[in-house]
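Asks: coords please:
(one chain, ligands or ions: 1)
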Amino acid sequence: MSGVPIVLDEVSKIYPGQEVPAVDRVSLELPAGGTTVFVGPSGCGKTTTMRMINRLIEPSSGTITIDGEDNRRLDPDTLRRSIGYAIQASGLFPHMTVAQNVATVPRLLKWNKKRTRERVDEMLELVGLAPGDYRDRYPAQLSGGQQQRVGVARALAADPPVLLMDEPFGAVDPITRASLQDELLRLQAELHKTIVFVTHDFSEAVKLGDRIAVLGPGSSVLQFDTPEAILANPADETVSGFIGDDAALKTLTLRRVGDVNLGTTTTATLSEPPAEFAARLRGSSDEWAVVLDQSGHPVRWVRGDRVAGATDLASAGEPVSSTVTVEASLQEALDGLLSTASATTVVVDRDGVYRGVIGIDDLVDELRRIHKRHADDDAGSGADPS
Ligand SMILES: Nc1ncnc2c1ncn2[C@@H]1O[C@H](COP(=O)(O)OP(=O)(O)OP(=O)(O)O)[C@@H](O)[C@H]1O
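Replies: Predicted coordinates for the structure are as follows:
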């Protein structure tokens, strides 16, 4: 089932004993099938706003409609079963296996065993965990990133039209976080759920959001627009401050590696004799080559003029220390290439098989194109009446 629209109309929350509302008359229209990211400083009310959607927190006033229906009309348990929910540190039940965790909502919905089991396996496949290997493990037997994947599989198990994600990738290291973000983008391109995603991290918001709601105190909406529009024209100084100084670089997080034409470079196999390889490389215009293993995975960077004395290509050059997938952002490609002598990042598919390369010149060209487009937009909008 794909997404449905959610509308918040003048929604407020005053916690018992508090004078100041945690959320003060927030109104937002979240489009069906899109990802809306709530971003804002700690304590501004992001989580409270999100949890009022599935009534884990009851609003003090205002109305929330989901697909046109007032969410107070539904029994809270029924409502929560129809909305996927994923939180930081995965929130898995430690005493249950992966399969039992993923089956939580299907069991509540009284699906039969066969249907539940098939769905669990389908969900594990979807989030990139081989069911045979992971189904019977306990959460403590998984890495942080794998636990988050199971958390996402659990949230999606009953095929809810709406998915609420509260800093779901906040507790993992930056590399795992980037790959979980890529997975979410891939899933969303397939599933078109209405996703509400809470984060502190503006770069994450830019990468994942179709729209970003920049929230201030009491969940006041400082700006609600596409990432590109917010980066190009922040509504005020608070929003600019939140974006930081590197708006141009953050723009790179908007573009996927797969959106630009990948470059090529000479490739070699591990078994190719170094002398033969050096002659071949001299005949090309490439300074560097990528050595691939039998499965086509990139393993080493080798420079033509350094290979002469090597006994084999497995020990020549330097290891390929970082790669990016076609789903990664250009920002991640930039991070990768800054750490290589070749100033080039190797691009691989989901199975780690070599697809091409992306160099610093490709990124500079892309930034130029983005700037030119914004300059054309500004000139075309007639914004300056003087
Ligand atoms: N149960 C509660 N009782 C009283 N006040 C609360 C309660 N839960 C949250 N608050 C207050 O409401 C405000 C908003 O909290 P909320 O958790 O929604 O913010 P947030 O933007 O999600 O913060 P963070 O990014 O730090 O998670 C905060 O000032 C918080 O202290």
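Asks: ok, which residues in this protein are in contact with the ligand?
Replies: 15, 18, 22, 40, 42-48, 200 (CB under 6 Å from any ligand atom). In this view, the C-beta of every residue, glycine as well, is placed from N, C-alpha and C.
Asks: Just the buried ones from these, in PyMOL syntax?
Replies: Here is the PyMOL command that selects the buried residues among those (16 or more other CB atoms under 10 Å):
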select buried, resi 22+40+44+45+46+47+48
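Asks: ok, so of the residues of the chain next to the ligand, who is nearest Gly283?
Replies: His200 (51.8 Å; CB to CB).
Asks: hmm, back to that, of all the residues of the chain next to the ligand, which comes closest to Gln146?
Replies: The nearest member of the residues of the chain next to the ligand to Gln146, counting by CB to CB, is His200 at 23.2 Å.
Asks: for the closest one, what are its contacts?
Replies: Contacts for His200 (CB atoms under 8 Å, 6 or more residues apart in numbering) come out as 39-42, 167, 170.
Asks: just checking, which of those belong to strands?
Replies: In strands, defined here by DSSP state E, the members of the contacts of His200 are Val39.
Asks: picking that back up, and the furthest pair within the residues of the chain next to the ligand?
Replies: Of all pairs drawn from the residues of the chain next to the ligand, the greatest distance, 22.2 Å, lies between Gln18 and His200 (CB to CB).
Asks: Output the below-cut-off pLDDT ranges for the protein.
Replies: 1, 89-90, 245-249, 371, 373-386 (pLDDT under 70).
Asks: can you list the domain ranges for it.
Replies: Under the assignment named as automatic domain parsing, the residue ranges that make up the domains of the chain are 6-243, 259-364.
Asks: Torsion angles phi and psi at the residue of the stretch 101-250 of the chain found nearest the ligand?
Replies: When distances are taken as CB to the nearest ligand atom, the stretch 101-250 of the chain approaches the ligand most closely through His200, which lies 5.6 Å from it. With angles defined as degrees, to the nearest 10, His200 shows backbone torsions of phi -90, psi -20.
Asks: for Ser339, same thing?
Replies: Summarising the backbone geometry of Ser339 under the convention degrees, to the nearest 10, its torsions are phi -100, psi 10.
Asks: list the contacts for it?
Replies: With contacts taken as CB under 8 Å, 6+ apart, Ser339 has the following neighbours: 321-322.
Asks: hmm, back to that, which ones among the residues of the chain next to the ligand lie within helices?
Replies: When DSSP state H defines the helices, the subset of the residues of the chain next to the ligand inside them is 46-48.
Asks: with the residues you listed in mind, which one is nearest to Leu208?
Replies: Closest to Leu208 out of these is Lys46 (14.4 Å), distances taken as CB to CB.
Asks: There's contact between that closest one and Leu215 in this structure, I believe.
Replies: Yes: in this structure, Lys46 sits in contact with Leu215. The criterion is CB atoms under 8 Å, and the distance is 6.0 Å.
Asks: Pull up the overlap in contacts between the two.
Replies: 38-40.
Asks: show me what contacts the residue minimising distance to the centre of the chain?
Replies: For the chain, the residue nearest the mean C-alpha position is Gln181 (2.2 Å; CA atoms, centre = their mean). Listed by CB under 8 Å, 6+ apart, the contact set of Gln181 reads 169, 204, 207-208.
Asks: These: which two are farthest apart?
Replies: Of all pairs drawn from those, the greatest distance, 10.7 Å, lies between Phe169 and Lys207 (CB to CB).
Asks: More neighbours: these two, which one.
Replies: Summary of the neighbour comparison: Phe169 and Lys207, criterion other CB atoms under 10 Å, with Phe169 having more neighbours (29 against 25).
Asks: pretty sure Arg135 contacts Gln100?
Replies: No: assessed by CB under 8 Å, Arg135 is found out of contact with Gln100, at 9.4 Å.
Asks: Looking at the shared contacts of Lys46 and Leu215, which is nearest Thr104?
Replies: Distances from Thr104 to these, taken as CB to CB, are shortest for Phe38 (24.8 Å).
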